[in-house]
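Asks: need a 3D model of the sequence below.
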Amino acid sequence: MKFGRTFKEALAGKDYPQHWVESAIPYRQLKKILGSVREELIRKGYDPDTIHKLLEAHEAEYHLVDHDSLLLRPTLVVRPAPTAPSISPASLAKLLAAAKPFSPPASHHGHASDQDDDETAPATPDSTHDDQWVMVPLDSDATFFSTLQTDVGKLDSLQSQERKSMNDGIGALGSEIAEVTRPKEHRITFAKSDLYRWREIFEIYLSAEIFFSTSEVAGGSRTSESARMKLVWFQDEVNKRNLPQKFKLAPSSASYKRFMELNLTLLQNFQFQELNKTAITKIIKKFDKQTSLGVKATFPQALKSASFIADNIAKSICAQLSSEVLAIVPQVMDHTCTICSDFRYLPIRLSCDHLFCIRCAYLLQQANKRLCPLCRAPTVHELTVDNIDKAVMHYLERWFPKEVKVKQAYNELMERKDQLGPNAGGATPCLIM
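Replies: Predicted coordinates for the structure are as follows:
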């Protein structure tokens with residue numbers, strides 16, 4: 001199936017808002033203009049094979065230059081020397097008939113320099129020499145790139161509006177979730193909080209890595225289809241654990257619904273951006289194939305100010321979602337001891353500023369270890385109970401009451417075993433009886 005038809009069906013089949021569809025890249029219109037570009041080039045003696053040979057021999061250059069009006073101004077310049085490869089005298093005369101004088105670039109291996117607007121006498125085959133360049137006036141390619149640039153501008157504007165709308169939604173959602181998860185009066189009141197339900201939801205969400213992967217094997221951005229499948233898995237996993245049904249506060253249910261709607265909106269924006277980026281890539285590739293002018297590498301640079309092309313909307317929105325929503329509910333993984341990989345309570349801070357749980361710090365001292373396990377600074381031997389970070393300890397008591405209770409019981413058990421032996425906390429029968 002040709003891409004033009006695929007593109008049209010994708011726009012119609014994804015339930016995109018009508019104003020999105022109207023802002024999409026006009027792929028079919030650009031294909032028609034591209035036909036005119038090719039015809040004009042051939043009419044002026046620049047068939048694709050000739051252009052390819054001139055570019056290879058550095059006897060021609062094609063540039064997309066930013067004009068004062070911020071519109072791209074495509075420029076074809078040639079150096080039609082009589083020795084140019086595969087160019088007959090008759091073809092050379094035809095090329096020069098449609099050309100205008102042009103100041104020579106600083107280097108014919110680099111990019112074109114600024115144009116000299118001074119008028120000089122028209123170039124002829126007899127007067128042409130190695131340093132003489134002429135500009136070939138073309139109309140159709142200017143129409144092609146102005147149409148494409150205008151529509152990329154529309155997509156830029158649309159994306160800015162969508163980003164603002166999602167950013168506003170993220171801010172409001174963050175405030176709502178903070179209200180239903182924040183500890184009250186320095187300690188959690190379980191009857192008035194959904195802290196642990198939201199913590200589990202966000203833990204699943206982070207592990208799903210819906211829009212981005214942080215693993216070495218599949219690091220970086222996902223495709224929109226991969227993101228869709230990950231989002232489906234996340235929703236299925238949350239429902240499998242019945243987490244929405246376990247909410248104690250009515251606002252939590254409404255907030256979870258908005259959280260899912262926000263992710264679906266982001267996915268739809270991501271799909272629309274990916275689809276239009278593909279359309280741009282395809283039409284530029286087709287432009288190069290039919291003209292041999294080679295703009296695939298220069299077009300993204302010429303439109304580097306276009307955020308629709310340069311940016312990934314999922315990346316920027318996910319960054320805000322992480323800082324304004326996910327960060328509201330601290331995760332256990334952010335407060336684990338790097339030695340035992342367990343919850344870090346009571347947290348003891350070395351003078352090198354690294355934190356460990358008090359049990360691991362005690363074992364380091366018992367083993368006569370002097371060096372910090374992370375930075376190798378000789379700080380372990382000087383530790384006392386005064387090194388417990390009370391601010392972090394109180395924070396953990398507020399936000400992780402269940403984990404604190406479990407770790408306290410564990411520390412007490414291990415302390416009894418240290419004092420009375422390995423069976424101190426077990427149910428071993430009395431040997432005397």
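Asks: for the chain, which segments count as strands?
Replies: Counting by DSSP state E, the chain has strands at residues 60-66, 72-78, 100-102, 133-136, 212-213, 220-221, 347-349, 355-357.
Asks: who does the second one touch, helix- and strand-wise?
Replies: Right, strand 72-78. With contacts taken as 3 or more CB pairs under 8 Å, 6 or more residues apart in numbering; DSSP states H and E, strand 72-78 sits against strand 60-66, strand 133-136, helix 140-181. Bear in mind the C-beta positions are built from the backbone N, C-alpha and C, glycine included.
Asks: direction included, what does the first one pair against?
Replies: Within its sheet, and counting by DSSP bridges, strand 60-66 is paired with strand 72-78 (antiparallel).
Asks: show me what contacts E261?
Replies: Taking CB atoms under 8 Å, 6 or more residues apart in numbering as the definition of contact, E261 has no neighbours.
Asks: pLDDT weak spots in the stretch 301-433 of the chain?
Replies: 304-306, 422-433 (pLDDT under 70).
Asks: burial of the nearest residue to V65 once chain neighbours are set aside, as a residue count?
Replies: Nearest non-adjacent residue to V65, counting by CB to CB, 6 or more residues apart in numbering: R73, 4.9 Å away. Neighbour count of R73, defined by other CB atoms under 10 Å: 17.
Asks: A297 now?
Replies: Close neighbours of A297, defined as other CB under 10 Å, add up to 9.
Asks: and T75, by the same measure?
Replies: That count, for T75 with other CB under 10 Å as the rule, works out to 19.
Asks: give me the distance between it and I358.
Replies: Going from T75 to I358 by CB to CB, to the nearest Å gives 71 Å.
Asks: lowest-confidence stretch among the strands of the chain?
Replies: Among those, strand 100-102 carries the lowest mean pLDDT, at a mean of 55.
Asks: under the pLDDT cut-off, which ranges of the stretch 151-300 of the chain? List them.
Replies: Within the stretch 151-300 of the chain, the stretches with pLDDT under 70 are 184-191, 214-220.
Asks: do that again at 90, thanks
Replies: Segments of the stretch 151-300 of the chain classed as low confidence (criterion: pLDDT under 90) are 153, 182-193, 212-222, 294-300.
Asks: rewinding a little: turn the strands of the chain into CSV, including distance to R182.
Replies: As requested, those are exported to CSV (distance: least, CB to CB, whole Å):
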stretch, distance to R182
strand 60-66, 50
strand 72-78, 52
strand 100-102, 68
strand 133-136, 67
strand 212-213, 28
strand 220-221, 33
strand 347-349, 21
strand 355-357, 24
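Asks: out of those, nearest to R28?
Replies: strand 72-78 (20.9 Å; CB to CB).
Asks: by how many degrees do the closest one and helix 140-181 diverge?
Replies: 140 degrees (axes from the mean of the first three to the mean of the last three CA atoms, to 10 degrees).
Asks: how far off centre is strand 72-78?
Replies: Chain-centre distance of strand 72-78: 33 Å, with CA atoms, centre = their mean, to the nearest Å.
Asks: can I get it in PDB, CA atoms only?
Replies: Provided in PDB are the C-alpha atoms of strand 72-78 (Å, rounded to 0.1, in the frame of the first residue of the first chain):
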ATOM      1  CA  LEU A  72      13.100  28.900   3.300                       C
ATOM      2  CA  ARG A  73      14.600  30.100   0.100                       C
ATOM      3  CA  PRO A  74      15.800  27.100  -2.000                       C
ATOM      4  CA  THR A  75      18.700  28.000  -4.200                       C
ATOM      5  CA  LEU A  76      20.400  26.000  -7.000                       C
ATOM      6  CA  VAL A  77      23.800  27.300  -8.100                       C
ATOM      7  CA  VAL A  78      26.000  25.700 -10.700                       C
END
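Asks: of all the helices and strands packed on strand 72-78, which lies closest to E40?
Replies: The closest of the helices and strands packed on strand 72-78 to E40 is helix 140-181. By CB to CB, the value is 4.6 Å.
Asks: which helices and strands sit right next to the closest one?
Replies: Helices and strands touching helix 140-181, by 3+ CB pairs under 8 Å, 6+ apart, are helix 18-23, helix 27-43, strand 72-78, helix 195-208, helix 250-291, helix 307-310, helix 313-324.
Asks: angle of the second one against helix 250-291?
Replies: Right, helix 27-43. Orientation check (the same axes, to 10 degrees): helix 27-43 against helix 250-291 gives 20 degrees.
Asks: so how far is helix 27-43 off the chain centroid?
Replies: Going by CA atoms, centre = their mean, where helix 27-43 is centred and where its chain is centred differ by 34 Å.
Asks: other SSEs contacting it?
Replies: Here helix 27-43 is seen to pack against helix 3-13, helix 48-56, helix 140-181, helix 250-291 when contacts are counted using 3+ CB pairs under 8 Å, 6+ apart.
Asks: next: the shortest one.
Replies: If you count contacts as 3+ CB pairs under 8 Å, 6+ apart, helix 307-310 packs onto helix 140-181, helix 250-291.
Asks: show me the chain divided up by domain.
Replies: In the domain annotation for the chain, the residue ranges read 45-137, 142-329, 333-420 (automatic domain parsing).
Asks: S23 touches V152, doesn't it?
Replies: No - using CB atoms under 8 Å as the test, S23 is too far from V152 to be in contact (10.1 Å).
Asks: neighbours of T6, how many?
Replies: Applying other CB under 10 Å, we find 15 other residues in the vicinity of T6.
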